[in-house]
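**Student:** build me a model:
(chains A and B)
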Amino acid sequence: MSTLAVAVESRSPVRRLVWAMPVAAALLVYPWVASQYQAMLLAYGLVMAIAALGFNLLLGYTGLLSFGHSAFFGVGAYTVALMVKYLNVGSMELFLVGAVVGSAVVAGIFGFVCVRYTRIFFGILTLALSQVLWSLAFKFFWVTGGTDGLRVPTPMLVGFSGGKTDKIEFLAHAYYYYVLVIFFACVASMWVIVSSPFGKALQAIRDNETRAEFVGIQVRRYRWVAFLVSGVFTGVAGALWVPLNGLITPENLHWTFSGKIVFMTVLGGFSAFAGPIIGAVLYNYLEAYAVGNTVYWQFVLGTVLVVLVLSLPTGVVGTADRLIARWGGRS
Amino acid sequence: MDFFFIHLLNALLSAATLFLIAGGLSLIYGVMRIVNLAHGNLYAFGAYVTAWTLGRALAGAPTPLLYLALPAGAVGAALLGAVLEPTLLRPFYKRAEEYQLLVTFGLLMILGDVMHFVWGPYPLSASALWENSGSVSIAGNPYPNYNLVVIAIGGIAAAFLWFFVYKTRFGVVLRATSQNMRMASALGVDVNRMYVQAFTLGCFMAGLGGAIIVPSQSAVLDMGVDALVLSFIVVVIGGLGSLEGALVGALIVGVVREAGIAWFPEIELAVLYLMAAAVLLVRPAGLFGRAT
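**Tutor:** The predicted model follows:
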């Protein structure tokens, strides 16, 4: 794992805020200046950013590559859809609670099994377990709708329904802000987690498992907690994603969807905190425009991935950081 | 009893193709320590090449000629592999395996769309061979002769591979490289050449798997991704990097799938994945794997 151990944090918190404030302001005014379509597209990107942020707690900070994060995304999303179908719930807050509980249970069980291994076996084990859920969603069509999936109507936000507003209008404004608030909350809590002693312990495990164990860190237990937290973040993203999309199908449980989450994280750069966030938003635009312009969008994305891994292994954020450092060093 | 016999034949049928795909995956992992996520699409590529050759280029040709042209897909996949390994995979051997997984995942996406571009979005079939081969009567039910041919090809391929790996000089060098790449290199083995050969052989097997399946089923775009996950189960059960393991794993998965389709169709796939997870937990190196 030592090859992955690039210095994760180097810049000071003050400089970080200088970067973060204008971005946050831009995100706040965006629905007022951009079209409804653009606002929804960004909302999708922010939702995926939460998923990738959770995923990167395992890859970037703990050094475990999961190829099964579609499981937690799908569990979050299906929990919402099943709450609508069987319990007639319509409140987004209840959906989020349900998704947190659902993904925590699944991540707790999967994590218990998976953290016994690392490296390639960890990846295959997560993939195999997520495929169990995929095949169940695929086959038990009387519960999950099979490949047709389940529809989810627009929910009530903090007790208010969209009323008579147009659905797109609702998603592009009210729902966008709802996503944005949760996104800020997730970024802030992930920041607290990775900066805490727990986060530092995870990085110690990633860099040198044996040494971490000798320092007194209970390696397997820490990995399990990281797995759990990571799964819950991705589950929250799944819950936020469903009302936006209006439909959940087994496709979001398939291992190729896990591959997309990995892709996003590597695109942004897994050794920077902001990497998965920027990667997810960028990937979302990339996919939307590739799908919109060509039937061969998979070719486009695959080529981007191969070129990226070949030439920019530190991702967009890592490369930008290096360029800024070099430029700053010269002036 | 006869009912049982038909099921057994069907189980052997799916085991034959699964062994070819998973055996190639396992061989590549054993020698090069790379889990090739694009492997499923090399199998699909073999299927498409054979479907095109038999169904379009040689449409209407006599059956013996069709049988001769059947391995076209295997040759096509092998050629593709011989190009891909030195150009795309070689830069990654010294890097973390996460990157290897990612680059092969990208390759999986690219190959899928290349096939989409070349052969279009519709299924491509070459059923003439399957229809012309006729059928035998097993316990009063007709059973396609072609399926028996596929089972035979799977068996012959397994025997050849065993001979190749355990009885030839090439096999000795291959096993030496697999066990200790640096030592083999120090003793004068051209590791780069070995890697190309092993990768090409692995792709040949995947392509052959696709080629023999295509007269009885059409070549479709999704087949690669589906086959990949099944062959993952096979190699996890049998042990990554072990050919004997791939054979036993393919037989187990073939039997369980056949039983699943007959008796528990809803959870057939879930049972397979859970089996793989259970084997990983009890014996992480698989039933036949070496502890590494």
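**Student:** identify the residues contacting B:N132.
**Tutor:** B:N132 makes contact with B:T63, B:L66 under the criterion C-beta atoms under 8 Å, 6 or more residues apart in numbering or on different chains. Heads up, the C-betas are built off the backbone N, CA and C, glycines and all.
**Student:** equivalent analysis for A:F121, please.
**Tutor:** A:F121 makes contacts with B:L280, B:P284, as judged by C-beta under 8 Å, 6+ apart.
**Student:** what does A:L240 give?
**Tutor:** Contacts for A:L240 were tallied using C-beta under 8 Å, 6+ apart; they are A:V47, A:I50, A:L96, A:Y178, A:V179, A:I182.
**Student:** which ones among those lie within strands?
**Tutor:** Of these, none are assigned to strands by DSSP state E.
**Student:** quick one: which of the residues you listed is most hemmed in?
**Tutor:** Counting neighbours by other C-beta atoms under 10 Å in any protein chain shown, A:I50 leads the contacts of A:L240 with 29 neighbours.
**Student:** sorry, back to before: format the contacts of A:L240 as CSV; extra columns: distance to B:G140 and pLDDT.
**Tutor:** Below are those laid out as CSV (distance: C-beta to C-beta, whole Å; pLDDT from 0 to 100):
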residue, distance to B:G140, pLDDT
A:V47, 58, 93
A:I50, 60, 93
A:L96, 60, 90
A:Y178, 65, 89
A:V179, 63, 91
A:I182, 64, 91
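**Student:** got those as JSON lines, with distance to chain B columns?
**Tutor:** As requested, the contacts of A:L240 are exported to JSON lines (distance: C-beta to the nearest C-beta, whole Å):
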{"residue": "A:V47", "distance to chain B": "22"}
{"residue": "A:I50", "distance to chain B": "21"}
{"residue": "A:L96", "distance to chain B": "28"}
{"residue": "A:Y178", "distance to chain B": "33"}
{"residue": "A:V179", "distance to chain B": "28"}
{"residue": "A:I182", "distance to chain B": "29"}
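**Student:** for A:I261, state which of those is nearest.
**Tutor:** If you rank those by distance to A:I261 using C-beta to C-beta, A:I50 comes first, at 10.8 Å.
**Student:** export stretch A:320-331 to CSV, keeping only CA atoms.
**Tutor:** Output in CSV follows, covering the C-alpha atoms of stretch A:320-331 (Å, rounded to 0.1, in the frame of the first residue of the first chain):
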residue,chain,number,x,y,z
ALA,A,320,-3.7,21.0,-10.0
ASP,A,321,-2.1,21.0,-6.5
ARG,A,322,1.2,20.1,-8.0
LEU,A,323,1.0,22.8,-10.7
ILE,A,324,0.0,25.4,-8.2
ALA,A,325,2.8,24.4,-5.9
ARG,A,326,5.3,24.7,-8.8
TRP,A,327,3.9,28.0,-10.0
GLY,A,328,3.9,29.3,-6.4
GLY,A,329,7.5,28.2,-5.9
ARG,A,330,8.7,30.1,-8.9
SER,A,331,7.0,33.4,-8.2
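**Student:** just give me how far that stretch sits from the chain centre.
**Tutor:** Taking C-alpha atoms, centre = their mean, to the nearest Å, one finds stretch A:320-331 lying 29 Å from the centre of the chain it belongs to.
**Student:** B:A44 against B:L228, yeah?
**Tutor:** No - in this structure, B:A44 is not within contact of B:L228 by C-beta atoms under 8 Å, at 9.3 Å.
**Student:** okay, these two: which has more neighbours?
**Tutor:** B:A44 (32 against 25).
**Student:** the more buried one: what secondary structure?
**Tutor:** With DSSP: H, G, I helix; E, B strand; the rest coil as the basis, B:A44 sits in helix.
**Student:** what is the neighbour count of the residue nearest to it when sequence neighbours are not counted?
**Tutor:** Excluding its sequence neighbours, the residue lying closest to B:A44 (C-beta to C-beta, 6 or more residues apart in numbering or on different chains) is B:G224, at 3.6 Å. Residues near B:G224, counting by other C-beta under 10 Å, number 27.
**Student:** for B:G224, give me its contacts.
**Tutor:** B:G40, B:N41, B:L42, B:Y43, B:A44, B:F45, B:L108, B:L111, B:G112 are the contacts of B:G224 under C-beta under 8 Å, 6+ apart.
**Student:** ok, back up a step: a markdown table please, covering the contacts of A:L240 and showing distance to B:P91.
**Tutor:** A markdown table is the format used below for the contacts of A:L240 (distance: C-beta to C-beta, whole Å):
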| residue | distance to B:P91 |
| --- | --- |
| A:V47 | 34 |
| A:I50 | 33 |
| A:L96 | 43 |
| A:Y178 | 44 |
| A:V179 | 39 |
| A:I182 | 40 |
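**Student:** for B:P123, state which of the contacts of B:G224 is nearest.
**Tutor:** B:A44 (11.6 Å).
**Student:** where does that closest one land on pLDDT?
**Tutor:** B:A44 is assigned 91 on the pLDDT scale.
**Student:** what distance do you get for it to B:G112?
**Tutor:** Applying C-beta to C-beta, to the nearest Å, the value for B:A44 to B:G112 is 8 Å.
**Student:** kindly report the residues of the stretch 151-300 of chain A close to chain B.
**Tutor:** Residues of the stretch 151-300 of chain A lying close to chain B by C-beta under 8 Å from any C-beta of the partner chain are A:W255, A:T256, A:G259, A:V262, A:F263, A:V266, A:V295, A:Y296, A:W297, A:Q298, A:F299.
**Student:** out of the residues you listed, grab the one that's most surrounded.
**Tutor:** Within those, most neighbours by other C-beta under 10 Å means A:V266, with 30 neighbours.
**Student:** residue ranges with poor pLDDT in the chain?
**Tutor:** Assuming you mean chain A. By pLDDT under 70, the low-scoring segments of chain A are A:1-16, A:159, A:162-164, A:329-331.
**Student:** try chain B instead
**Tutor:** Per-residue confidence for chain B (pLDDT under 70) gives these ranges: B:1-2, B:289-292.
**Student:** can you pull out the helices in it?
**Tutor:** Along chain B, counting by DSSP state H, helices occupy B:2-32, B:39-52, B:63-69, B:72-84, B:97-119, B:128-132, B:145-167, B:169-179, B:181-186, B:191-213, B:223-238, B:243-263, B:268-282.
**Student:** right, so those: which one is the most enclosed?
**Tutor:** Highest mean neighbour count of the helices of chain B: helix B:39-52, a mean of 30 (counted as mean count of other C-beta atoms under 10 Å in any protein chain shown).
**Student:** show me what that one is packed against.
**Tutor:** When contacts are defined as 3 or more C-beta pairs under 8 Å, 6 or more residues apart in numbering or on different chains; DSSP states H and E, helix B:39-52 packs onto helix B:2-32, helix B:72-84, helix B:97-119, helix B:191-213, helix B:223-238.
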